[in-house]
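**Q** I need the structure of the sequence given here:
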Amino acid sequence: MSPASTEAQARVSSGWWRFSWIWVIPLIAAFIVVGLGWRELARRGPTITITFVAGGGIQAGQTRIRRKDVDLGTVEAVYLSADLSRVIVRARMLRSAAPYLTSHTQFWIVRPRVTAEGISGLTTLVSGVYIEMNPGRSSDAPRREFTGLEQPPALLPDTPGRSFTLHASQLSSLGRGSSIYYRGLA
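**A** As a prediction, the model looks like this:
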C-alpha cells in the first residue's frame, strides 16, 4: 500500500468513529416529538356521533364538548345526513370521558337564549357556541351514537329539588320552564 492511501484511510476511519455533539440536538428534538405524540395518543378517547336538527355555529376543529366548563372533547367533522334533514357531528372525546358515554348521556348546543325566565348562554357571545354534555351513569351500557337535544333539559339530574308533572285543562300562559307559585312563593 502506498503512504498516501494509508493516510486517506486513516482520515476516513478516524472521522467515522468521531462523535459530533451537534447530533444531540436533533436526537433530543426527536425524543420530545415522540413523547408528545405518545401523550396525545394516551389521552385520546373514543369517537362519537351526535345528531341535531340544526347545527348553527358548530365548526369542525373549534367547537368543544364541555361539562361544567371543562373540555371533554372536540368536534372533528360536521356534515348533513343523507336526506339533508339533520346535522351529524362527529367528535373525538378524551379518554377520561369514555365511562360516561352511556345510554343516558345527553348533549345540547349552548348558545345565547332569551326566554321568559331570563337570558342564558351569554358567554357564547365571546367564546362561540359549544356542546354541553350531561353524563350518564358509568354503570349504564356504553354508547357511541346520540341524538342531541334541541333545548337544554329543564332540570339537570344533579340539580337539587323535585320534579313534578302539571296537568291542566288549558295552557294559557304556561310554557316550558315557567315558574310555579304556591301562596305567592316560587
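**Q** For the chain, which residues score under the pLDDT cut-off?
**A** 1-19, 113-127, 157, 173-177, 186 (pLDDT under 70).
**Q** just checking, Arg90 touches Thr49?
**A** Yes. Counting by C-beta atoms under 8 Å, Thr49 is a contact partner of Arg90 at 5.5 Å. All C-beta atoms are positioned from the backbone trio N, CA, C, and that covers glycine.
**Q** State the number of residues packed around the residue lying closest to Val129 once chain neighbours are set aside.
**A** Nearest non-adjacent residue to Val129, counting by C-beta to C-beta, 6 or more residues apart in numbering: Gly57, 3.6 Å away. Look at Gly57: counted by other C-beta atoms under 10 Å, it has 15 neighbours.
**Q** So which residues of this structure form strands?
**A** Along the chain, the stretches classed as strands by DSSP state E are 44-52, 64-67, 70-80, 87-94, 106-110, 113-115, 118-120, 130-134, 145-147.
**Q** Restrict the longest helix seen in the chain to CA atoms and write it as PDB.
**A** Ranked by residue count, the top helix of the chain under DSSP state H comes out as helix 24-43. Extracted C-alpha coordinates of helix 24-43, given in PDB (Å, rounded to 0.1, in the frame of the first residue of the first chain):
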ATOM      1  CA  VAL A  24     -27.500  15.600  20.300                       C
ATOM      2  CA  ILE A  25     -29.900  18.500  19.400                       C
ATOM      3  CA  PRO A  26     -31.900  16.500  16.700                       C
ATOM      4  CA  LEU A  27     -31.900  13.400  19.000                       C
ATOM      5  CA  ILE A  28     -33.400  15.400  21.900                       C
ATOM      6  CA  ALA A  29     -36.000  17.000  19.500                       C
ATOM      7  CA  ALA A  30     -36.900  13.600  18.200                       C
ATOM      8  CA  PHE A  31     -37.400  12.300  21.800                       C
ATOM      9  CA  ILE A  32     -39.600  15.300  22.600                       C
ATOM     10  CA  VAL A  33     -41.800  14.800  19.500                       C
ATOM     11  CA  VAL A  34     -42.200  11.100  20.200                       C
ATOM     12  CA  GLY A  35     -43.100  11.800  23.900                       C
ATOM     13  CA  LEU A  36     -45.700  14.500  22.900                       C
ATOM     14  CA  GLY A  37     -47.200  12.100  20.300                       C
ATOM     15  CA  TRP A  38     -47.400   9.300  22.800                       C
ATOM     16  CA  ARG A  39     -49.000  11.600  25.400                       C
ATOM     17  CA  GLU A  40     -51.600  12.700  22.900                       C
ATOM     18  CA  LEU A  41     -52.400   9.100  21.900                       C
ATOM     19  CA  ALA A  42     -52.800   8.200  25.600                       C
ATOM     20  CA  ARG A  43     -55.300  11.000  26.200                       C
END
